[in-house]
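>>> Build the 3D model from these lines:
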Amino acid sequence: MTSREFNQSASEAKKASLSGPVFITDRGKPSHVLLSIEEYRRLAGGITTLADALAQRGEVEVEFEVPRAGGLFREADLS
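Numbers count the residues shown, from 1 in each chain. Here you go, the predicted model:
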């Protein structure tokens, strides 16, 4: 499907993606692939959690600062 055809009939492309990948071309060369979400998840190995994504980074250190949850709680009155 050309990019022009895709722009004119995106709903048709979405329907076609239920049967398999839809290759979108730009000037005759493949530029994008449209997949159903089920097919994407199958290829990607399922849903990735944040922990899994960080674990895939291997030995690379990732700086992550947890923001304070200010205003979400109050001190207990023990009097």
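>>> any low-confidence regions in this protein?
Residues of the chain meeting the criterion pLDDT under 70: 46-48, 52, 56-60, 62, 70-71.
>>> those helices in it, which residues are they?
3-8, 10-17, 37-44, 50-55 (DSSP state H).
>>> so which of the ones you listed gets nearest Asp77?
Within these, the stretch nearest Asp77 is helix 50-55; the backing value is 36.2 Å (Cβ to Cβ). For glycine as for every other residue, the C-beta is placed from the backbone atoms N, C-alpha and C.
>>> re the thing from before, same list as before, the helices of the chain that is, but in CSV and with mean neighbour count and distance to Leu72 included.
Conversion of the helices of the chain to CSV gives the following (neighbours: other Cβ atoms under 10 Å; distance: least, Cβ to Cβ, whole Å):
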stretch, mean neighbour count, distance to Leu72
helix 3-8, 13, 45
helix 10-17, 13, 41
helix 37-44, 11, 33
helix 50-55, 10, 20
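>>> Switch these over to a markdown table; also include distance to Pro67.
As requested, the helices of the chain are arranged in a markdown table below (distance: least, Cβ to Cβ, whole Å):
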| stretch | distance to Pro67 |
| --- | --- |
| helix 3-8 | 40 |
| helix 10-17 | 38 |
| helix 37-44 | 29 |
| helix 50-55 | 15 |
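>>> Lys29: which of these is closest?
Across the helices of the chain, Lys29 has its closest neighbour in helix 3-8 (10.4 Å, Cβ to Cβ).
>>> just checking, what packs against that closest one?
Under the contact criterion of 3 or more Cβ pairs under 8 Å, 6 or more residues apart in numbering; DSSP states H and E, the helices and strands touching helix 3-8 comprise strand 22-26, strand 29-34.
>>> Give me the neighbour count for Gly45.
Applying other Cβ atoms under 10 Å, we find 8 other residues in the vicinity of Gly45.
>>> Can you tell me who the closest residue to Phe23 other than its chain neighbours pairs with across the strands?
Leaving out its chain neighbours, the residue that sits closest to Phe23 by Cβ to Cβ, 6 or more residues apart in numbering is Pro30, at 5.1 Å. The residues listed as beta-bridge partners of Pro30 by DSSP bridges are Thr25.
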